[in-house]
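A predicted structure for the sequence below; I have some questions about it.
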Amino acid sequence: MHSSVAPAGQAFARLRSLWQRWFLWLLLAMLVLVLLATVVWLAGRHEAEQMQVVLDHDTADALSELRGGLQRNAQSLNALLTETANAKRWPEMEATSQLRAHREWLRLEWRDAQLRLLAATDTPYRMRLFEQDARGAMQSDIALACTAASKLSAPAYSPSHYVSNSAGNGLEVLEICLPSEAGGYLVATYSLRDTLTELVGPTLRRGQEVIFSEPDGTRLASVGVARRTGNRVFTSQQLLDLPGVTLMFRVDGWRSEPDLFPNLLTALVTAVSIALVSVLVLLARDTRRRLKAERELADTLAFRKAMEDSVITGLRARDLQGRITYVNPAFCAMVGFTPEELIGTVEAPYWPTELAHEYQQRQDMRIGGSVPPRNGFESVYMRKDGARFPVLIFEAPLINAQGLQTGWMSAFVDLSEQRRIEEISRASQERLQASARLATVGEMASLLSHELTQPLAAIASYATGSLNLLGGQTDGASAELSMAMRRIGEQAERAGQVIRSVHDFVRRRDRTREPVAPQVLLDAVMPLVRLQAQKLGVRIDIVLEPALPQVLCDRTLVEQVLLNLTRNAMQAMDQPTITERVLLLRVASVPGRADPAPEARRWLEFAVADIGSGIDDAVARRLFTPFFTTRTDGMGLGLSLCRTVVEQHGGALLFEPNRPRGTVFRFTLPAIVIAPFELPAPALAADA
Ligand code: ADP
């Protein structure tokens with residue numbers, strides 16, 4: 001459940017972060033675009049305003065130029081009029097030269113007070129526009145201007161009007177009338193178009209058009225480049241207020257619209273914008289690269305984490321002050337502490353208390369700069385539960401990306417398992433060696449028994465022969481001698497049996513088991529035991545439970561076991577400090593092990609207790625190991641043979657401390673269960 005939800009949640013989170021990132025980028029790009037568009041638009045507008053300002057300026061300049069020109073012209077005309085009035089004659093020559101100088105004039109007329117034409121001169125630059133006296137239609141315009149002029153006693157202008165000539169071409173003209181004090185007028189006709197050409201033309205810029213129009217917008221005359229379609233037009237107009245007439249003076253300026261970089265400012269802004277967009281693109285690419293690196297780093301980290309978590313080697317890092325900065329899960333599992341309990345500590349909690357001082361010294365040396373052995377060293381650590389365990393430690397300096405040492409990294413291998421295996425293999429090696437020696441001993445025993453059979457048989461037959469020689473004599477010395485001979489024969493016989501038993505034991509032949517009463521077993525060994533007891537000053541106590549059943553056993557071997565145990569017990573008490581030396585032999589029946597059935601086998605337990613030196617732990621651990629002995633003259637085979645014999649009978653040989661001191665050895669043998677109504681079988685040759 002959890003595992004299926006987690007990936008979905010992760011995917012959703014990744015999608016969201018991806019969307020957020022893209023959204024931000026999109027927003028940024030849009031903002032930059034809007035900003036750029038605004039800046040370009042503003043730059044364009046600024047430029048247009050700039051142009052308008054320049055045009056307005058130019059218009060004002062042109063207009064004042066025009067006014068000045070008209071003013072100067074009026075003065076020239078006034079001079080001509082004065083000359084004419086003084087001479088009372090039309091100065092033809094002067095008029096012609098004036099007309100040559102002023103191309104804007106079409107004609108100069110001298111009229112009397114009633115406005116009758118006295119004389120006239122036409123411009124030499126054009127074909128005559130007016131018939132000699134055919135100014136009937138225009139008479140009213142002249143009259144208007146001259147009336148105004150005489151009223152003002154200053155030059156006055158007529159409204160503009162159109163004059164067509166015989167060829168069908170026409171001109172827009174304007175009359176100026178100057179009154180003379182002697183009565184009479186000088187009338188000059190301006191061509192509007194030429195006025196613009198002559199008076200405004202020189203100040204005109206390329207790409208500008210100057211226009212005279214009526215205040216209502218009717219176009220009268222224009223000069224300059226005609227307006228081209230598709231160009232952006234700027235217009236500036238001002239009124240030209242002259243006495244008698246008002247004209248609209250307009251200047252049109254234009255520039256080509258589709259220029260991408262209309263001026264420096266726009267070009268600059270555009271360049272900056274391009275730079276900005278490039279930076280954005282670079283930034284985006286950098287971010288993408290960074291993201292990729294981030295992803296790769298995350299992958300590497302995850303890989304490293306998986307690796308650290310999976311290794312079984314413990315890892316631990318310390319900084320230069322000796323503080324633990326990192327531990328991996330394997331290390332935590334090894335020592336049984338959590339990372340929180342370990343990180344930040346200097347004196348680690350896994351140092352065994354008795355060795356902490358030594359470890360601290362080692363760490364101080366490491367901080368001091370001593371280099372640890374390359375092939376590692378062994379140490380002992382403590383688990384959280386207090387158990388010590390051996391570890392193999394490899395240490396190496398921790399170097400950071402700048403090549404500086406920041407601490408120490410250590411790897412740990414838990415050696416407990418290795419030690420255990422080593423111990424097992426050593427033990428089995430020892431067992432193998434012991435078995436090999438045991439086999440040799442077996443061979444030797446077999447050889448000895450074979451070699452000893454002959455002399456023993458000889459001893460027995462000499463004893464029998466001696467007995468026969470003594471005959472039935474019953475007097476003191478002979479009786480004792482024949483008794484000794486009988487004993488010699490018995491012991492030789494016994495020795496032969498022991499040898500045969502050992503031979504059988506070594507050869508692992510099936511041994512004959514027979515039912516024997518415990519008392520009989522004890523009686524058989526007692527003479528030898530007593531012999532040694534007398535030598536060592538040991539008192540022997542025998543405790544036999546009444547009505548004990550017989551045991552089923554290989555008699556000779558069991559007697560040997562009893563002999564061994566009693567001998568060991570007495571030797572343990574053979575110390576000057578022990579004054580009261582008591583050997584206790586006890587035979588008792590024990591209930592069948594965990595088997596409640598009445599016919600179940602019962603067991604007899606033989607105990608041999610001493611109050612000797614006791615057995616310490618070190619000896620106890622190896623007690624039954626073949627060839628283990630603490631005695632200089634010992635073989636170390638006694639107890640191991642005893643246990644083998646007892647276990648071959650299905651019993652067990654154990655020992656425990658005796659109270660208040662000494663040791664008790666106990667072994668069990670199977671008993672023959674006799675049903676109450678049954679008589680004991682006379683002799684039962686049985687086998688396990
Ligand atoms: P050996 O008698 O040749 O030394 P054993 O196998 O009989 O070999 O005994 C092994 C060791 O066990 C003895 O050397 C002795 O140290 C110890 N041992 C045996 N029995 C006793 C005992 N009753 N009290 C103290 N130590 C004993």
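Yes, it's here. Numbering: from 1, shown residues only.

tell me who's in contact with the closest residue to Gly496 other than its chain neighbours.
Once flanking residues are discounted, Gly496 sits nearest to Leu456: 4.8 Å by C-beta to C-beta, 6 or more residues apart in numbering. Just so you know, the C-beta spots here come from the backbone N, C-alpha and C atoms, and that holds for glycine as well. By C-beta atoms under 8 Å, 6 or more residues apart in numbering, the contact list for Leu456 reads 492, 495-496, 499.

overlap between these and the residues near the ligand?
Within the set of those, contact with the ligand (C-beta under 6 Å from any ligand atom) is found for no member.

will you turn those residues into a markdown table that also has neighbour count?
As requested, the contacts of Leu456 are arranged in a markdown table below (neighbours: other C-beta atoms under 10 Å):
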| residue | neighbour count |
| --- | --- |
| Ala492 | 20 |
| Ala495 | 17 |
| Gly496 | 17 |
| Ile499 | 20 |
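
which residue is nearest the middle of the protein?
Closest to where the C-alpha atoms of the chain average out (C-alpha atoms, centre = their mean) is Leu301, at 3.2 Å.

present the contacts of Leu456 as a markdown table; the columns should include secondary structure.
Shown next, in a markdown table, are these (DSSP: H, G, I helix; E, B strand; the rest coil):
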| residue | secondary structure |
| --- | --- |
| Ala492 | helix |
| Ala495 | helix |
| Gly496 | helix |
| Ile499 | helix |
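
of those, closest to Gln75?
Ranked by distance to Gln75 (C-beta to C-beta), the contacts of Leu456 are led by Ile499 at 176.9 Å.

name the SS class of Ala457, please.
Relying on three-state DSSP, one would call Ala457 helix.

excluding sequence neighbours, find me the nearest residue to it.
Leaving aside its sequence neighbours, Ala457 sits nearest to Gly496 (C-beta to C-beta, 6+ apart; 7.1 Å).

my read is that that neighbour contacts Ala458, right?
No: with contact defined as C-beta atoms under 8 Å, Gly496 and Ala458 do not form a contacting pair (11.0 Å).

pull out the buried positions in the host helix or strand of Glu514.
For Glu514, the host element (DSSP states H and E) is strand 514-516. In terms of neighbour count (16 or more other C-beta atoms under 10 Å), strand 514-516 has its buried residues at 515-516.

strands paired with that strand, and their directions?
The strands beside strand 514-516 in its sheet (DSSP bridges) come out as strand 551-553 (antiparallel).

and the partner strand, what's its mean pLDDT?
Mean pLDDT, strand 551-553: 90.

average pLDDT for the helix or strand that contains Leu80?
Using DSSP H and E, Leu80 falls within helix 2-87. Helix 2-87 comes out with an average pLDDT of 82.

gap between Pro657 and the ligand?
10 Å (C-beta to the nearest ligand atom, to the nearest Å).

wait, doesn't that residue sit right on Gly614?
Yes: using C-beta under 8 Å, Pro657 is in contact with Gly614, at 6.0 Å.

which neighbours do those two share?
Taking C-beta under 8 Å, 6+ apart as the contact rule, Pro657 and Gly614 both touch Thr663.

that older thread, in what helix or strand does the residue nearest to the centre of the chain lie?
helix 264-310.

Lys535 now?
Assessed by DSSP H and E, Lys535 sits inside helix 518-536.

same check on Thr246?
Using DSSP H and E, Thr246 falls in strand 245-256.

and Leu240, by the same measure?
Short version, using DSSP H and E: Leu240 is in strand 231-242.

the very next helix or strand once past the helix holding Leu301 versus helix 264-310: what angle between them?
For helix 264-310, the following helix or strand on the C-terminal side (DSSP H and E) is strand 314-319. Strand 314-319 runs at 130 degrees relative to helix 264-310, counting by axes from the mean of the first three to the mean of the last three C-alpha atoms, to 10 degrees.
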